[in-house]
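In: coordinates only, no sequence provided:
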Ligand code: ARG
């Protein structure tokens, strides 16, 4: 498994584009670096290969590589970010993918990549409501001949799909139900065996987990979620991500799986 990450050299919270980014306190840069490094070490120790991108000054959210694009085989739909603060990232990610032999496709509307698009084997779940536009779904369906499960996000704290939903294999997924409209809850129930995450753990980004085979990396403090996962045979690991939560992201947002 190959994972793309970007060191947090320029990571900071100096604008606000989601309700977590309140600047309640400043990001502690040295702690952010240690937390990011621990996550990377853990990923490598679990057998995944990490590719690194060159961070860019003035793009503090580039560390969240999940938002670079949505990958399918050797193709990538490059994100078209909603907020101007992140729009400069598209060109940087585009160049990286082109240099790394991906077929690069520009999104036809606002779309935030693997933040709002999650593949698990043959299933693709697409989220919209805050960042990605729902009309992107039909375009993806046609282009890739896939029938995605399209869901609507309704809670601004869970503004990307990967903040409230995490497929762990083809059948099972973690989720925080109140983040979805009633209709979307029904769709997900019909497609997965869902494991509810408590409000406490959801607010610690339990659904923003990194899955590497039977290993699941969770943000520190998500004990209930860990216990539930251990009971059904998964091995869980904690990673402290307090500095990144100040920006509205955690473990999974800091990664992008390259071989999908
Ligand atoms: N501050 C970033 C933003 O609001 C956090 C992105 C988190 N990424 C994710 N895939 N959920 O855009």
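Out: All right, it came through fine. Model, not experiment: these values are computed from the prediction.
In: the ligand contacts on this protein?
Out: Selection of the chain residues close to the ligand by C-beta under 6 Å from any ligand atom yields 17-18, 21, 61, 64, 66-67, 86, 115, 160, 162-163, 247-249, 253. All C-beta atoms are positioned from the backbone trio N, CA, C, and that covers glycine.
In: cross the residues you listed against helices and list the overlap.
Out: The helices, defined by DSSP state H, take in residue 86 from the residues of the chain next to the ligand.
In: residues of stretch 66-84 that come out buried?
Out: Under the neighbour-count criterion of 16 or more other C-beta atoms under 10 Å, stretch 66-84 has 66-72, 75-82 buried.
In: can you give me the end-to-end span of it?
Out: Its start and end residues considered, stretch 66-84 measures 18 Å (C-alpha to C-alpha, to the nearest Å).
In: and what of stretch 194-203?
Out: This stretch, stretch 194-203, spans 18 Å end to end (C-alpha to C-alpha).
In: identify each buried residue in it, please.
Out: 194-195, 197, 201-203.
In: next, the buried residues of the lowest-mean-pLDDT helix or strand in the chain.
Out: The helix or strand of the chain with the poorest confidence is helix 136-144; it has a mean of 92 (mean pLDDT, DSSP states H and E). Neighbour-count burial for helix 136-144 flags 136-137, 139-140, 144 (criterion: 16+ other C-beta under 10 Å).
In: again with stretch 119-129
Out: In stretch 119-129, counting by 16+ other C-beta under 10 Å, buried: 119-120, 123-129.
In: quick one: low-confidence parts of this protein?
Out: Across the chain, nothing is flagged by pLDDT under 70.
In: let's see 90
Out: In the predicted model, the chain carries pLDDT under 90 at residues 23-25, 121-122, 135, 260.
In: helices of that one, start to end?
Out: Under the criterion DSSP H, helices of the chain are mapped to 29-45, 84-87, 89-99, 136-144, 182-191, 199-202, 223-231, 242-245.
In: now do the strands in the stretch 101-250 of the chain.
Out: 103-106, 117-120, 123-128, 149-152, 165-167, 172-175, 193-196, 210-212, 215-219, 235-239 (DSSP state E, counting those that start in this stretch).
In: show me the contacts for residue 174.
Out: 165-166, 168, 194-195, 197, 206-207, 209, 225, 229 (C-beta atoms under 8 Å, 6 or more residues apart in numbering).
In: could you measure from it over to the ligand?
Out: Residue 174 sits at a distance of 14 Å from the ligand (criterion: C-beta to the nearest ligand atom, to the nearest Å).
In: name the nearest residue to that residue, ignoring sequence neighbours.
Out: The shortest distance from residue 174 to any non-neighbouring residue, by C-beta to C-beta, 6 or more residues apart in numbering, is to residue 166 (4.4 Å).
In: tell me who's in contact with that neighbour.
Out: Residue 166 sits next to 118, 173-175, 207-209, 211, 252 when contact means C-beta under 8 Å, 6+ apart.
In: check residue 99 too.
Out: Contacts of residue 99 (C-beta under 8 Å, 6+ apart): none.
In: how much space between it and residue 181?
Out: Taking C-beta to C-beta, to the nearest Å as the measure, residue 99 falls 40 Å from residue 181.
In: with residue 31 instead?
Out: Using C-beta to C-beta, residue 31 is found at 37 Å from residue 181.
In: residue 214 too?
Out: 32 Å.
In: then residue 206?
Out: Using C-beta to C-beta, we find residue 206 at a distance of 21 Å from residue 181.
In: those two: who's more crowded?
Out: In this view residue 206 and residue 181 are compared by other C-beta atoms under 10 Å, and residue 206 has more residues nearby, 31 against 13.
In: quick revisit: nearest to residue 106, out of the buried residues of stretch 119-129: which one, please.
Out: residue 126 (17.4 Å; C-beta to C-beta).
In: so how far is the ligand from that closest one?
Out: As defined by C-beta to the nearest ligand atom, residue 126 lies at a distance of 14 Å from the ligand.
In: mind listing what the nearest residue in space to residue 33 that is not next to it in sequence touches?
Out: Among residues not flanking residue 33 along the chain, residue 8 sits closest, at 5.9 Å (C-beta to C-beta, 6+ apart). Counting by C-beta under 8 Å, 6+ apart, residue 8 makes contact with 29, 32-33, 36, 55, 63, 244.
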